[in-house]
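K.L.:
Please find the sequence and the predicted model below.
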Amino acid sequence: MDRTWYNDIYLKSDAWLVTRNATLERFGYRCALCAETKNLHVHHNSYEYVGDEDLYDLVVLCADCHEKVTMWFREKRELAYHDRELSGIAVSRKVF
């Protein structure tokens, strides 16, 4: 996904505003994790259907929880990448 398009165009579009508002309403304008009502973000669980999101692919998070969730996913992705690298080294050592 083109991050420039996503940030500069899509997130400012009327379509996103309708989807975002429907998601906020569905969650009662509260963070799904801590029930905070201020500084709310609508988080994509997956970016696979950006522009054609199912409302269940979106969750409302406050800024603090959004940061924690984002960091958790980044760490998980980095660990998976690191594990793939290590498994490649292990395979190489077994082969040679």
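P.N.:
Nice, thanks for sending it over.
K.L.:
CA only for contacts and neighbour counts going forward, please
P.N.:
Noted.
K.L.:
quick one: low-confidence ranges for the protein?
P.N.:
The model of the chain has pLDDT under 70 over residues 1, 80-96.
K.L.:
Strands along that one, start to end?
P.N.:
Listed in chain order, the strands found in the chain under DSSP state E are 40-44, 58-62.
K.L.:
looking at those, which is closest to residue 31?
P.N.:
strand 58-62 (4.3 Å; Cα to Cα).
K.L.:
Next, report how far that closest one is displaced from the centre of its chain.
P.N.:
9 Å (Cα atoms, centre = their mean, to the nearest Å).
K.L.:
Show me what that strand is packed up against.
P.N.:
helix 14-26, strand 40-44 (3 or more Cα pairs under 8 Å, 6 or more residues apart in numbering; DSSP states H and E).
K.L.:
before we move on, back to that, among the strands of the chain, which comes closest to residue 11?
P.N.:
strand 40-44 (10.5 Å).
K.L.:
now the closest residue to residue 16 other than its chain neighbours: how far from residue 4?
P.N.:
Distances taken as Cα to Cα, 6 or more residues apart in numbering place residue 10 nearest to residue 16, at 6.6 Å, with adjacent residues excluded. Using Cα to Cα, to the nearest Å, one obtains 9 Å as the distance from residue 10 to residue 4.
K.L.:
next one: residue 77
P.N.:
21 Å.
K.L.:
Between those two, which is the more surrounded one?
P.N.:
residue 77 (12 against 9; other Cα atoms under 10 Å).
K.L.:
ok, the more buried one - contacts?
P.N.:
With contacts defined as Cα atoms under 8 Å, 6 or more residues apart in numbering, residue 77 is in contact with no residue.
K.L.:
do you know how far it is from residue 70?
P.N.:
11 Å.
K.L.:
likewise residue 62?
P.N.:
For residue 62, the distance to residue 70 - Cα to Cα - is 12 Å.
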